[in-house]
Each structure stands twice: as structure tokens, then as C-alpha cells.
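**Student:** I would like to see how this sequence folds:
(one chain, ligands or ions: 1)
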Amino acid sequence: MKIGGTLVAGPAERSLHGVLQVPGDKSMSHRSVMMAAIADGITEISGFLPGEDCLATARMFESMGVPIEWLNAGRTALRVHGVGLHGLKAPDGVLDAGNSGTCARLMLGLLAGQPFSSTLTGDDSLRRRPMRRVIEPLRRMGANITASGHGDLLPLTIRGGSLAGIDFESEVASAQVKSCVLLAGLYARGLTRVREPRPTRDHTERMLPLFGQPVGEEDGWIVLQPVGALRAPDDVLAIPADPSSAAFFAVAASVVPGSEVVLTHIGVNPRRDGWRRILSAMGADLSTAREHAVGEEPVADIRVRCRQTLAGVEVASRNVPDAIDEFPVLFVAASLAEGDFILRGAAELRVKESDRIAVMARALQALGVEIEEWPDGLRIRGCSRFRGDVEVDAHGDHRVAMAMAVAAQMAEGPVIIRNAAAIATSFPGFVEQARSIGMNVRWLES
Ligand code: S3P
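**Tutor:** Presented below is the predicted three-dimensional model:
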């Protein structure tokens, strides 16, 4: 967990205006470099997220012998010289996924197919996050995995090799688990089939065919029959802007009176678009333009206007996976809505980079919001303005820090947000972009 880094935020001194393109999608950036590394040929990627999470994934492949050329100083464009499905070399040292659950869980799937042994670890936060959900299916496929710490937590040592495809019915709705098993399936004999309790983000299924590996669907099962090689795509692999990052500014523009902000080139894949559906149901004024496809992904510009006070809603459990990463900032919108906002069936939020139900409830309560917490969700009673001159703790969770910077815009005085440095994992440049539309937020010099 990245401790340290203090933000001073709010209140907004004016309405928010501007046109922004947030950085590239985190989920797709991880997957692009993973697939490119084990493909035959050179893959050029644009729109890559140069956040610490995705750079950790890139570094892992470099340490396994994959040459990566960065094409610009901002590290948003790169050329990955793929070594082929069986070309990775044993890493020299321990592989470090930093703060990233996606890096850790998807890499375990890929490492399960390698004929060498490797050890994967992460930071304090990641070493507390559940790994049994990927260990079990990988063991069933034939991987040898041992935990050196407590229980089924990182660090894990994985000896891969001869895998066999399985039918895997996941108990948790998790794209990380699904993708881990599908990536291992590239190395397995026979079919790998995955069924999930609720549909989750499908970037792996959409991206693998760009590398010549079909992924099918049959009676609710996602089916992968390995073709034996991935092939670098002829075209540049372009990554859209991250909807999870856009959501912070969409909520800010929905609650600060008089605001109007346009967010360009945002991924609007239905499995990532739950935040827009929830915010619209709350009465936010969101509209789209320039809808088009980038590779296999739908993309659009999103215009957000602050028109009216939002209203609380009840979020059905089946809609949770499509907005799983946006709840911290949706809780901020809910805290400024009329009536109650109710969320159930969202226990997964407790095992993200922090316990996002508890950490957000504590931070919003410090701002004067009335919240009832349950094991799998919460009830938020909205108010019209937050208390200011308070200090909150983001607990090293990037999305909590950014959500609270948005909340602070509607406070009666400044809000100090401690342990916010982790913003760099998913959204380098957040503070600069926020300031460019008029948000009142800055880093406190230490
Ligand atoms: C991700 C899946 C989600 C999400 C995470 C990224 C991915 O996790 O919370 O930020 O890229 O597959 P789960 O699939 O475990 O819910």
C-alpha cells in the first residue's frame, strides 16, 4: 500500500468546465501487454495507461526476456517484441505486482503455463487480497502453487507446465478470475470453459481474437479452444480512455452547480458502463456523441451537465459487477442526492485495494453524511452540502483518494486527504486534469 501523499481539496470556487481525455483504460492496458508479450511478432500499442499498475506488468515481461520499446516520453505508446507462447524466460528475481490485483491474478494464469518456477508478490494491500479464487482453478488445471505466507495469500510460488483444460464455474463474479483461467487455457490441452455467476468485463474475450485466438460462447459458458499461438495484430492496438477514471469528473460535473464537462474517447463497453446507468437513474444529465468502435471496444464522448439535484436509488445486485470500480465516487454522488441510496450484494468491495465500504463510509461520515453499513453494502442518506475543515484517510486506495477529492468540491471548507499517493497507480495526472476543469485540489508539499 502506498502510504503518504496528502491532497488538499475543495471547496470548488466556480463551476467546472472543459473538455478532457483521461488516460488509457487500465484493464485493457494490462491485457494488451500480456497478450503482445506471448504473441509471435511485434505489437504496437497506443493509448497505454502509464500508471504504476500497468508499468508493473510491463516490467514483469521485461524481466522474462520480452523487449519493450517505449515510443514517447509519456509512455503511452509502446512496441512489444513478442517472444511467442513458449518464449518467456525464467525471471531473475521475484515478480512484483505492486498494488495491482489485475496484474497478479492474470499473471498467475499466464505463469501457470510456463515450464519454470516463479514467485509473485505485491505490496501490503495486495498481499492481503484473496488469491484462493485463482489458486483453486489453476491447481485443477495442473499448476503447482505454494504460498510462503499465511493461507492463500501472496507471495505465491508457481511451477507451471503441463496443463489440462477444465470446466470452471466461478463462485465470484470476477473478470480477473475468468481472465486468469482463460490465459492459462492458452497453454492447456483441450477446451477451457468458464462460467460466471454474473457477467463481468469481457476485455479478455474481445482482445484475444485480435491476436488470432477465438473465444466462443455456448450455453452461458465462455469457451477457449487453444489454437497454439498468438499472432501480433497488423494494426496498432488502440486503447480507449478509462471509464473508471472518467467517472470521477462525471460525478464532479453532476454535483457542482453550473458545470458542463465533456469527456472524450471513453470506453462504453456495457460491462463497464454501469456507473453511467446508475448516475442517469439518479437524474444526472449525461449524453453521448461520436460513438464508434476502437478495435472490438465501443467508445464515445460523454457530455455531463449539472442540471438538478440527484436522487437516491437502490442498486440491484445484478448491476454491481458493471460498476464495481466506480462505487467510491458513486457513494459521493449518493451523499449529495435527495433520499436514500441503497446498495446490496457488493461484498466484493471489501476486498479491493482497501475495504471500500468501510473506508468510504468513514470518510463520508467525517464529512457529515449519515451512513448505515452492512456486510455486503450500505445505505446512504444524502445531504446538500458537506462539512469542511476535516481530515480523511484514503488508506492508500487510489479510487478512495480521487472520490474524496470530488466530494471536497461540495464541502464548506477544505478537506485534507491523507495517504493519497496511490492515485499514481491508475491515474497519473489526476490533479492536473482536475484543476484544468476548475476543481480545487492540490498536493500538499511535504
Ligand atoms: C479488473 C476486474 C475487476 C476490477 C479491477 C480490474 C480487470 O476486479 O475491480 O479493477 O481488469 O479484470 P474483479 O474482476 O476481481 O472484480
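**Student:** Can you show me the helices along this structure?
**Tutor:** 26-37, 52-63, 101-111, 132-141, 175-185, 203-207, 243-255, 274-281, 327-335, 356-366, 398-408, 423-426, 430-436 (DSSP state H).
**Student:** would you turn those into JSON lines with mean pLDDT?
**Tutor:** Below are those laid out as JSON lines (pLDDT from 0 to 100):
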{"stretch": "helix 26-37", "mean pLDDT": "98"}
{"stretch": "helix 52-63", "mean pLDDT": "98"}
{"stretch": "helix 101-111", "mean pLDDT": "98"}
{"stretch": "helix 132-141", "mean pLDDT": "98"}
{"stretch": "helix 175-185", "mean pLDDT": "98"}
{"stretch": "helix 203-207", "mean pLDDT": "98"}
{"stretch": "helix 243-255", "mean pLDDT": "98"}
{"stretch": "helix 274-281", "mean pLDDT": "98"}
{"stretch": "helix 327-335", "mean pLDDT": "98"}
{"stretch": "helix 356-366", "mean pLDDT": "98"}
{"stretch": "helix 398-408", "mean pLDDT": "98"}
{"stretch": "helix 423-426", "mean pLDDT": "97"}
{"stretch": "helix 430-436", "mean pLDDT": "98"}
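**Student:** domains in the protein, as residue ranges please.
**Tutor:** The chain breaks down into these domains under automatic domain parsing: 7-24+240-443, 26-225.
**Student:** Can you give the distance of the shortest one from its chain's centre?
**Tutor:** How far domain 26-225 lies from its chain's middle: 15 Å, per CA atoms, centre = their mean, to the nearest Å.
**Student:** and what of the longest one?
**Tutor:** On the basis of CA atoms, centre = their mean, the separation between the geometric centre of domain 7-24+240-443 and that of its chain is 14 Å.
**Student:** want to throw the helices of the chain into CSV with distance to Arg318 and mean neighbour count?
**Tutor:** In short, each C-beta sits where N, CA and C put it, glycine included. As requested, these are exported to CSV (distance: least, CB to CB, whole Å; neighbours: other CB atoms under 10 Å):
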stretch, distance to Arg318, mean neighbour count
helix 26-37, 20, 27
helix 52-63, 28, 22
helix 101-111, 22, 27
helix 132-141, 20, 20
helix 175-185, 16, 27
helix 203-207, 20, 23
helix 243-255, 19, 28
helix 274-281, 10, 20
helix 327-335, 15, 28
helix 356-366, 19, 22
helix 398-408, 22, 30
helix 423-426, 26, 24
helix 430-436, 31, 17
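**Student:** now for the domains of the chain, which one comes closest to the ligand?
**Tutor:** domain 26-225 (3.2 Å; CB to the nearest ligand atom).
**Student:** end to end, how far does the closest one reach?
**Tutor:** Length of domain 26-225, first residue to last, CA to CA, to the nearest Å: 27 Å.
**Student:** For the nearest residue to Gly368 once chain neighbours are set aside, give its distance to Phe248.
**Tutor:** Leaving aside its sequence neighbours, Gly368 sits nearest to Arg387 (CB to CB, 6 or more residues apart in numbering; 3.9 Å). Going from Arg387 to Phe248 by CB to CB, to the nearest Å gives 21 Å.
**Student:** do the same with Ile45
**Tutor:** For Ile45 relative to Phe248 (CB to CB), the value is 24 Å.
**Student:** do stretch 96-104 and the ligand meet at all?
**Tutor:** Yes - shown here: stretch 96-104 in contact with the ligand (CB under 6 Å from any ligand atom) through Thr102.
**Student:** So for Gly4, what's the pLDDT?
**Tutor:** Looking at Gly4, its pLDDT stands at 89.
**Student:** Now do the contacts for the nearest residue to it once chain neighbours are set aside.
**Tutor:** Once flanking residues are discounted, Gly4 sits nearest to Ala421: 5.1 Å by CB to CB, 6+ apart. Contacts for Ala421 (CB atoms under 8 Å, 6 or more residues apart in numbering) come out as 2-5, 396.
**Student:** run the last query once more with 10 Å
**Tutor:** 1-7, 52, 394, 396, 398, 401, 443 (CB atoms under 10 Å, 6 or more residues apart in numbering).
**Student:** Phe249 now?
**Tutor:** With CB under 10 Å, 6+ apart, Phe249 has these contacts: 16, 18, 20, 22, 259, 261-263, 302, 304, 329, 402, 406, 430, 433-434, 437, 439.
**Student:** Same question for Ala323.
**Tutor:** Residues counted as contacts of Ala323 (CB under 10 Å, 6+ apart) are 243-244, 247, 272-279, 315, 329-330, 343, 346.
**Student:** returning to what we had before: got the domains of the chain as a markdown table, with distance to Ala232 columns?
**Tutor:** A markdown table is the format used below for the domains of the chain (distance: least, CB to CB, whole Å):
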| stretch | distance to Ala232 |
| --- | --- |
| domain 7-24+240-443 | 14 |
| domain 26-225 | 3 |
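**Student:** Asp234: which of those domains is closest?
**Tutor:** Of all the domains of the chain, domain 26-225 sits nearest to Asp234, with 9.1 Å by CB to CB.
**Student:** sorry, back to before: how about the domains of the chain, which one is nearest Arg231?
**Tutor:** domain 26-225 (4.1 Å).
**Student:** Now for Asp92, how many residues are close by?
**Tutor:** When neighbours are counted by other CB atoms under 10 Å, Asp92 registers 8.
**Student:** okay if I get the helices of the chain as JSON lines plus distance to Ile417?
**Tutor:** Output for the helices of the chain, formatted as JSON lines (distance: least, CB to CB, whole Å):
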{"stretch": "helix 26-37", "distance to Ile417": "21"}
{"stretch": "helix 52-63", "distance to Ile417": "19"}
{"stretch": "helix 101-111", "distance to Ile417": "22"}
{"stretch": "helix 132-141", "distance to Ile417": "31"}
{"stretch": "helix 175-185", "distance to Ile417": "27"}
{"stretch": "helix 203-207", "distance to Ile417": "30"}
{"stretch": "helix 243-255", "distance to Ile417": "13"}
{"stretch": "helix 274-281", "distance to Ile417": "21"}
{"stretch": "helix 327-335", "distance to Ile417": "12"}
{"stretch": "helix 356-366", "distance to Ile417": "8"}
{"stretch": "helix 398-408", "distance to Ile417": "5"}
{"stretch": "helix 423-426", "distance to Ile417": "10"}
{"stretch": "helix 430-436", "distance to Ile417": "11"}
